[in-house]
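A.B. asks: please find the sequence and the predicted model below.
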Amino acid sequence: MEIVDQPAIVAAARRAEIAMSEMRPFFDTAYTAVASAAGAGGGTISGPAIAWYSRMPAETADVTAGFPVAGLEVGPLADDVDVVEIPGGRSAVATAVGPYEKLGESWQALAEWAAAQGETPRGDFAEHYVTEPTPDGDPDKNVTRLILPLV
């Protein structure tokens with residue numbers, strides 16, 4: 001765990017307010033649509049899949065899912081896909097390895113570590129899915145970068 005200056009990211013993405021139980025189906029359809037729209041719009045995907053949550057989820061989450069892109073301007077891109085700038089700034093970061101179902105434990109550890117450093121979260125957070133999950137892949141080998149922006 002460390003504190004870094006996280007750069008802002010220009011991303012092609014789909015945003016939705018969804019129930020936590022609908023997260024996986026949303027991601028499956030969002031990433032496919034975003035990748036297609038970015039390519040059709042003349043952009044290039046320049047990094048791993050990301051999810052940005054504008055607030056801590058409760059029953060629902062306000063989530064933006066997509067990919068960092070190059071060659072596209074911020075604004076509408078295609079049906080339900082926009083090019084957005086995900087804010088950067090001083091952030092506590094960690095790398096989690098393992099199934100997505102265990103990310104909550106990693107987030108808890110990162111939040112506790114940040115608090116022990118005297119830091120206050122800004123209220124939003126992001127996940128960068130360093131390894132692309134595949135149906136026949138080993139979930140224990142998933143690598144996710146956790147980003148907790150700070151005040």
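C.D. replies: Cool, got the structure. Numbers count the residues shown, from 1 in each chain.
A.B. asks: ok, the spatially most central residue of the chain to residue 73 distance?
C.D. replies: The centroid of the chain falls nearest to residue 51 when counting by Cα atoms, centre = their mean (2.1 Å). From residue 51 across to residue 73, the span is 22 Å (Cβ to Cβ, to the nearest Å). All C-beta atoms are positioned from the backbone trio N, CA, C, and that covers glycine.
A.B. asks: list the buried residues for stretch 91-110?
C.D. replies: By 16 or more other Cβ atoms under 10 Å, the buried positions in stretch 91-110 come out as 91-94, 96, 98, 100, 106-107, 110.
A.B. asks: in strands, which of these fall?
C.D. replies: Among the buried residues of stretch 91-110, DSSP state E puts 91-94, 96 in strands.
A.B. asks: what's the first helix or strand after the longest helix belonging to the chain?
C.D. replies: For the chain, the helix with the greatest residue count under DSSP state H is helix 23-40. Counting by DSSP states H and E, the element after helix 23-40 in chain order, helix or strand, is strand 44-45.
A.B. asks: circling back to that earlier point, which one of the ones in strands among the buried residues of stretch 91-110 is nearest residue 20?
C.D. replies: residue 96 (18.1 Å; Cβ to Cβ).
A.B. asks: quick check: closest non-adjacent residue to the closest one.
C.D. replies: residue 106 (3.7 Å; Cβ to Cβ, 6 or more residues apart in numbering).
A.B. asks: do residue 149 as well
C.D. replies: Residue 149 sits nearest to residue 122 (Cβ to Cβ, 6+ apart), 4.1 Å away.
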